[in-house]
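K.L.:
Sequence and computational prediction follow.
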Amino acid sequence: MEQEMSLEGRIARLSEMVGPSGHEEAVREEIRRQVAPFVDDLFEDSLGNLYAVRRPRGAGSGLKVMLAAHMDEVGIIVTHVDDQGFLRFAPVGGLSASVLVGQQVVFANGTVGVIGTEPLDDLKDLKMERLFVDIGARNREDALQRVQIGDMAVYRRAASVVGRRMVGKALDDRVGCAVVVEALARLGDSSPHEVYGVFTVQEEVGARGARPAAYRVAPDVGIAVDVTASADTPKARPLPMALGKGAAIKVKDNSVISHPVLRRLLVERARQRGIPFQMEVLDRGGTDAGPIHTSREGVPSAVVSIPTRYLHTPGEVIDLDDARAAVDLLVAVLQDEIRL
Ligand code: CO
Ligand code: ZN
């Protein structure tokens, strides 16, 4: 049954799960179910990173390759419950007050809330501390029956396919998780490498899960799979990335400069196999490749990205063909020898 799941189905299912940083349990269990048929070993560590291991097939000069995609998503955390039962909150990861007003959020236990705002004289006063979550409670006591201080919530939003595109919450980075699962599924008996699909925790609060994961795996090569900005909307800052131009091969962001040999290998394989690709240069942000490439004695690392509009909002948009190209590119690289 799991084998018949489409890439699109995997992305949609994963994006709808509740998984703020440090509370990735539901996402991890879903990935475990999806990836189990395709790997030889599956385990997690004390922080909650999930490792899906595909042993090398046949003899040959295979390397240990770590693919990393983060399971967590941005969210909010309850800091105070007032007498009327309204919840005050702080951000978990990078999200802005302007996208929160009027949004529905959902807690891990299924409690749904809507974000309201104090009356504001000026839009400049639109700050997180002026907002609150209304969970329909009659008073503080009633609220505390369902939500505790320190509980986290995420956007509540179904994934929808719109033409060739998908819109939803947490495509950062559930699309990366789905791409890694799909790549492991597609490898078949064709890879000489030992491939570790690592689904990491707590990326959105500073790539905290990837460092111990990289230490544990001790890979020869690291490839993070994550979203990147897409600069193809009105008056966007001029950057090269756009939806529908293919898998993005990262040159740099603020956490990593992709290893030039790996970067060239990705470009070469994409050209050989006719896989659509684009180069990515990001002037901010980071991914799990940051801590991976600086782990142990240093790990040659690269990033395959999926361009995404409206990052960290409930309406993130990707092009499904870019996600497909990312799967094709990973499979192409993993099927052949990697010479560093
Ligand atoms: Co993010
Ligand atoms: Zn991300």
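P.N.:
Perfect, I can see it now. Ligands and ions are numbered 1, 2, ... in the order given.
K.L.:
can we go C-alpha only for contacts and neighbour counts from here?
P.N.:
Noted.
K.L.:
Any buried residues in stretch 97-114, and which?
P.N.:
Using 16 or more other C-alpha atoms under 10 Å as the test for burial, stretch 97-114 gives 100-101, 103-108, 112-114.
K.L.:
of all those residues, which comes closest to Arg138?
P.N.:
Nearest to Arg138 out of those is Gly113 (C-alpha to C-alpha; 13.2 Å).
K.L.:
The closest one pairs with what?
P.N.:
Val105 (DSSP bridges).
K.L.:
same question, Val81
P.N.:
Beta bridges link Val81 to Leu87, judged by DSSP bridges.
K.L.:
The one helix or strand Arg174 maps to: which residues count as buried?
P.N.:
Following DSSP states H and E, one finds Arg174 within helix 171-186. For helix 171-186, a neighbour-count test (16+ other C-alpha under 10 Å) marks 171-185 as buried.
K.L.:
likewise stretch 225-243?
P.N.:
Those would be 225-232, 241-243, for stretch 225-243 by 16+ other C-alpha under 10 Å.
K.L.:
Check whether Met128 really touches Leu87, as I assumed.
P.N.:
No - checked against C-alpha atoms under 8 Å, the pair Met128 and Leu87 is beyond contact range at 12.0 Å.
K.L.:
Show me which of the two is the more surrounded one.
P.N.:
Leu87 (27 against 18; other C-alpha atoms under 10 Å).
K.L.:
Could you check how far that one is from ligand 2?
P.N.:
Computed as C-alpha to the ion, to the nearest Å, the Leu87 to ligand 2 distance reads 27 Å.
K.L.:
same check, this time on Gly206
P.N.:
Look at Gly206 and ligand 2: by C-alpha to the ion, they are 10 Å apart.
K.L.:
One more: Met166?
P.N.:
16 Å.
K.L.:
mind checking the SS state of that residue?
P.N.:
Assigned with DSSP: H, G, I helix; E, B strand; the rest coil, Met166 falls in the strand class.
K.L.:
Quick check: it touching Asp321?
P.N.:
No - counting by C-alpha under 8 Å, Met166 does not reach Asp321; the two are 10.2 Å apart.
K.L.:
The nearest residue to Asp41 once chain neighbours are set aside sits in which helix or strand?
P.N.:
Among residues not flanking Asp41 along the chain, Val53 sits closest, at 5.0 Å (C-alpha to C-alpha, 6 or more residues apart in numbering). Val53 is part of strand 50-54, with elements assigned from DSSP H and E.
K.L.:
That strand packs against which elements?
P.N.:
Packing partners of strand 50-54 (3 or more C-alpha pairs under 8 Å, 6 or more residues apart in numbering; DSSP states H and E): helix 25-35, strand 41-44, strand 194-200.
K.L.:
Ranking these by mean neighbour count, which comes first?
P.N.:
strand 194-200 (a mean of 26; mean count of other C-alpha atoms under 10 Å).
K.L.:
Quick one: work out the angle between it and strand 50-54.
P.N.:
Interaxial angle, strand 194-200 versus strand 50-54 (axes from the mean of the first three to the mean of the last three C-alpha atoms, to 10 degrees): 160 degrees.
K.L.:
Tell me the first helix or strand C-terminal of strand 194-200.
P.N.:
Sequence order places helix 210-217 as the next helix or strand after strand 194-200, per DSSP H and E.
K.L.:
CA atoms only for the helix or strand hosting Arg269, dumped as PDB, please.
P.N.:
Assigned by DSSP H and E, Arg269 belongs to helix 260-273. The C-alpha trace of helix 260-273 is given here as PDB (Å, rounded to 0.1, in the frame of the first residue of the first chain):
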ATOM      1  CA  PRO A 260      32.600  22.800  -5.200                       C
ATOM      2  CA  VAL A 261      33.200  19.200  -6.300                       C
ATOM      3  CA  LEU A 262      29.800  18.100  -5.100                       C
ATOM      4  CA  ARG A 263      28.100  21.100  -6.600                       C
ATOM      5  CA  ARG A 264      29.700  20.400 -10.000                       C
ATOM      6  CA  LEU A 265      28.800  16.700  -9.700                       C
ATOM      7  CA  LEU A 266      25.100  17.700  -9.100                       C
ATOM      8  CA  VAL A 267      25.200  20.000 -12.200                       C
ATOM      9  CA  GLU A 268      26.900  17.300 -14.300                       C
ATOM     10  CA  ARG A 269      24.400  14.600 -13.400                       C
ATOM     11  CA  ALA A 270      21.400  16.900 -14.000                       C
ATOM     12  CA  ARG A 271      22.800  17.800 -17.400                       C
ATOM     13  CA  GLN A 272      23.600  14.100 -18.300                       C
ATOM     14  CA  ARG A 273      20.100  12.900 -17.300                       C
END
